[in-house]
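**Q** Take this sequence and fold it.
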Amino acid sequence: MKMIIKRMSYFYMTSFWLLFLINIPPETTGQGESRRQEPGDFVKQDIGGLSPKHAPDIPDDSTENITIFTRILDRLLDGYDNRLRPGLGDAVTEVKTDIYVTSFGPVSDTDMEYTIDVFFRQTWHDERLKFDGPMKVLPLNNLLASKIWTPDTFFHNGKKSVAHNMTTPNKLLRLIDNGTLLYTMRLTIHAECPMHLEDFPMDVHACPLKFGSYAYTKAEVVYSWTLGKNKSVEVAQDGSRLNQYDLLGHVVGTDIIRSSTEDLSIDVSGVLKSPTMIVLMSISPLISSRRYFMHLGAPALGEYVVMTTHFHLKRKIGYFVIQTYLPCIMTVILSQVSFWLNRESVPARTVFGVTTVLTMTTLSISARNSLPKVAYATAMDWFIAVCYAFVFSALIEFATVNYFTKRSWAWEGKKVPEALEMKKKTPAAPTKKIGTTFNIVGTTYPINLAKDTEFSTIPQGAAPSAPSTPTTIASPKTTYVPDIPTETKTYNSVSKVDKISRIVFPVLFAIFNLVYWATYVNRESAIKGMIRKQ
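**A** Predicted coordinates for the structure are as follows:
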């Protein structure tokens, strides 16, 4: 029994001393104040040779600021209704905007749209978010944007707009102590760009970017430019992503549009006979009318402020000069080479004419592939059409020359037999046969052994005229009469039509090119000057 009591007393004493040692503070200051070691003291133990004893104390200012701003935000959002705009019932809410363009392009001619990547900034004042604190500007997380009122801005001519969310939503929110908010987001916008292609490919376009409030009229929300019309839209120097265009500049403005709800009336007379509508008609006299005006999600009638920015683009013509203009010019020149060929070269001139016509047809089709199917002719269409006319005219010119050339041969063919019948009537000059030649008055000529002597001719001037007194060398019983040359046209003579075409066609084509290029170059200079003035 005594042993049990001793062991129990020993156990209690040991437990008492252990509890006493555990409750002793690990470190005591000089004034006897204990300091408990924080977990953060071990963070820098292996960095720079610092031990937990010599680790610097963490200031409490940041912790205090976080606590203060947490309380401020809780107080600001307490009872805050983000469904109501600032100054409701008192004043108009002014939203100041500016745009920084990081990249512009590409531009699609077939779809008549362009792509633009921007930092879109909006600034407005909300009296409900005023605060007093150690900082004047409070940087906030983008999650707070869903808890406060933000402008319902949308792009009027936007086909598709994308807000970037990688790796987090690319949004920035700043709150100033006087209640002013700065809201920035990164957007990629695919917007419409109406194009007038009459001057293509020397055309200039003004691609608009229009935005404004979707639901609030100008009596409730008004938009304005933050830095004025000259500096509120800025384009990065390396922001152009255009292969076929030059970005000449941009013009900033403000428009007012009027929205009407006249087209939103819906005729429900066809469903008034249903049982459900009969019950409703007995309850509400409004539904019993023959026409029931419904405004499902449509903006209210009124005037809206629209902010506009027009980006002026000038098409680069170098690509089209290489792909279309130079081939057309060379094809026209090639078609005019046929004027210098003999009119009897029917196969060669036919190949020239048909090949050049087919080439112009191919060029015309390929030039239209990169354009939308517009109902009017462009400047390139006119150029190709004129070149096609020159090429086709060259083919018609050859057909004309060939037609008259055949008629000339038929007329000359009748003269040859008539001349041959005169060989017995004309005194023959005595000749002497020497080998395969004839000697007439000391001059030797080869024998004409044509198979068909009726259609054999000697060009004019081939033989000199015989003297009046012939000299007899051979036997008087054997006489030979040479072929009598007739005054007929040679087969390789040049047509007068070809001679005229060699001069007229190149001159007319050169005049056309001078007028064409002078007209469009002067128009381009005038448009650029007008844009600089704006």
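
**Q** And the next helix or strand past the lowest-mean-pLDDT helix or strand in the chain?
**A** Lowest on mean pLDDT, DSSP states H and E among the helices and strands of the chain sits strand 292-293, with a mean of 42. Going down the chain from strand 292-293, the next helix or strand is strand 302-315, by DSSP states H and E.

**Q** Can I get that next one in CSV, CA atoms only?
**A** Taking Å, rounded to 0.1, in the frame of the first residue of the first chain, the C-alpha atoms of strand 302-315 are listed here in CSV:
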residue,chain,number,x,y,z
GLY,A,302,-34.6,58.5,-77.3
GLU,A,303,-31.2,59.9,-78.4
TYR,A,304,-28.0,58.1,-77.7
VAL,A,305,-24.4,59.3,-77.7
VAL,A,306,-22.1,57.4,-80.0
MET,A,307,-18.4,57.8,-79.9
THR,A,308,-16.7,57.3,-83.3
THR,A,309,-13.2,56.7,-84.6
HIS,A,310,-12.5,56.4,-88.3
PHE,A,311,-9.2,54.7,-89.3
HIS,A,312,-8.1,55.8,-92.7
LEU,A,313,-6.5,53.1,-94.8
LYS,A,314,-4.7,53.4,-98.2
ARG,A,315,-4.3,50.2,-100.2
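
**Q** Report the angle between the helix or strand encompassing His190 and strand 302-315.
**A** In the assignment (DSSP H and E), His190 maps to strand 180-192. Interaxial angle, strand 180-192 versus strand 302-315 (axes from the mean of the first three to the mean of the last three C-alpha atoms, to 10 degrees): 60 degrees.

**Q** Parallel or antiparallel, which strands does strand 180-192 pair with?
**A** Counting by DSSP bridges, the strands paired with strand 180-192 are strand 113-125 (antiparallel), strand 158-163 (antiparallel), strand 171-176 (antiparallel).

**Q** Can you pull out the residues in contact with the last one?
**A** By C-beta atoms under 8 Å, 6 or more residues apart in numbering, the surrounding residues in contact with strand 171-176 are 129, 131, 136-142, 144-145, 163, 181-186. Just so you know, the C-beta spots here come from the backbone N, C-alpha and C atoms, and that holds for glycine as well.

**Q** Please repeat the previous calculation with a cut-off of 7 Å.
**A** 129, 136-140, 142, 144-145, 181-185 (C-beta atoms under 7 Å, 6 or more residues apart in numbering).

**Q** ok, which pair from those is furthest apart?
**A** Across the contacts of strand 171-176, the longest distance by C-beta to C-beta is 23.1 Å; it joins Lys136 and Met185.

**Q** higher neighbour count, the two?
**A** Per other C-beta atoms under 10 Å, whichever of Lys136 and Met185 has more neighbours is Met185, with 20 against 11.

**Q** Report the contact partners of that one.
**A** Contacts of Met185 (C-beta under 7 Å, 6+ apart): Phe120, Ala163, Asn170, Lys171.

**Q** Take those and write them to CSV, including neighbour count and pLDDT.
**A** Converted to CSV, those look like this (neighbours: other C-beta atoms under 10 Å; pLDDT from 0 to 100):
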residue, neighbour count, pLDDT
Phe120, 19, 98
Ala163, 12, 93
Asn170, 15, 94
Lys171, 18, 94
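
**Q** Looking at those, which one is closest to Asn243?
**A** Asn243 has its nearest neighbour among the contacts of Met185 in Phe120, at 25.6 Å by C-beta to C-beta.

**Q** Output stretch 243-258 as CSV, restricted to C-alpha atoms.
**A** The C-alpha atoms that make up stretch 243-258 are tabulated as CSV, following Å, rounded to 0.1, in the frame of the first residue of the first chain:
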residue,chain,number,x,y,z
ASN,A,243,0.0,43.6,-95.6
GLN,A,244,-2.0,45.4,-98.3
TYR,A,245,-2.8,48.7,-96.6
ASP,A,246,-1.1,51.7,-95.1
LEU,A,247,-2.7,53.3,-92.0
LEU,A,248,-2.8,57.0,-92.8
GLY,A,249,-4.3,58.2,-89.6
HIS,A,250,-7.5,58.4,-87.6
VAL,A,251,-10.3,60.9,-87.0
VAL,A,252,-12.2,61.0,-83.7
GLY,A,253,-15.7,62.3,-83.3
THR,A,254,-19.0,62.1,-81.5
ASP,A,255,-22.4,61.4,-83.0
ILE,A,256,-26.0,61.4,-81.8
ILE,A,257,-28.4,58.8,-83.0
ARG,A,258,-32.1,58.5,-82.5
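
**Q** quick one: buried residues of that stretch?
**A** Buried residues in stretch 243-258, counted by 16 or more other C-beta atoms under 10 Å: Gln244, Tyr245, Leu247, Leu248, His250, Val252.

**Q** Would you mind giving the contacts of Met185 as CSV with distance to Val101 added?
**A** Formatted as CSV, the contacts of Met185 follow (distance: C-beta to C-beta, whole Å):
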residue, distance to Val101
Phe120, 10
Ala163, 16
Asn170, 15
Lys171, 18
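
**Q** partner strands of the very next helix or strand once past the strand holding His190, parallel or antiparallel?
**A** As assigned by DSSP H and E, the chain's next helix or strand after strand 180-192 is strand 204-213. Sheet pairing of strand 204-213 (DSSP bridges) gives strand 153-155 (antiparallel), strand 302-315 (antiparallel).

**Q** List the buried residues for strand 204-213?
**A** Under 16+ other C-beta under 10 Å, the buried positions of strand 204-213 are Val204, His205, Ala206, Cys207, Pro208, Leu209, Lys210, Phe211, Gly212, Ser213.

**Q** want to try CSV for those residues, with pLDDT and distance to Gly79 as columns?
**A** Putting these into CSV (pLDDT from 0 to 100; distance: C-beta to C-beta, whole Å) gives the following:
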residue, pLDDT, distance to Gly79
Val204, 92, 55
His205, 94, 51
Ala206, 95, 48
Cys207, 97, 45
Pro208, 97, 42
Leu209, 97, 38
Lys210, 97, 37
Phe211, 98, 32
Gly212, 97, 30
Ser213, 96, 25
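
**Q** Can you tell me which of those is closest to Arg523?
**A** Nearest to Arg523 among the buried residues of strand 204-213, with distances taken as C-beta to C-beta, is Val204, at 8.9 Å.

**Q** give me the beta-bridge partners of that closest one?
**A** In this entry, Val204 is beta-bridged to Lys314, by DSSP bridges.

**Q** picking that back up, of the contacts of strand 171-176, buried ones?
**A** Neighbour-count burial (16+ other C-beta under 10 Å) applied to those gives Leu129, Leu138, Leu140, Asn142, Leu144, Ala145, Leu181, Leu182, Tyr183, Thr184, Met185.

**Q** Helix, strand or coil: sort out the closest residue in space to Asp111 that isn't next to it in sequence for me.
**A** Excluding its sequence neighbours, the residue lying closest to Asp111 (C-beta to C-beta, 6 or more residues apart in numbering) is Pro372, at 7.9 Å. In three-state terms, and counting by DSSP: H, G, I helix; E, B strand; the rest coil, Pro372 is coil.

**Q** Can you show me the helices along the chain?
**A** With helices called from DSSP state H, the chain shows them at 2-22, 61-77, 228-231, 275-283, 318-320, 326-336, 346-368, 379-413, 415-420, 496-533.
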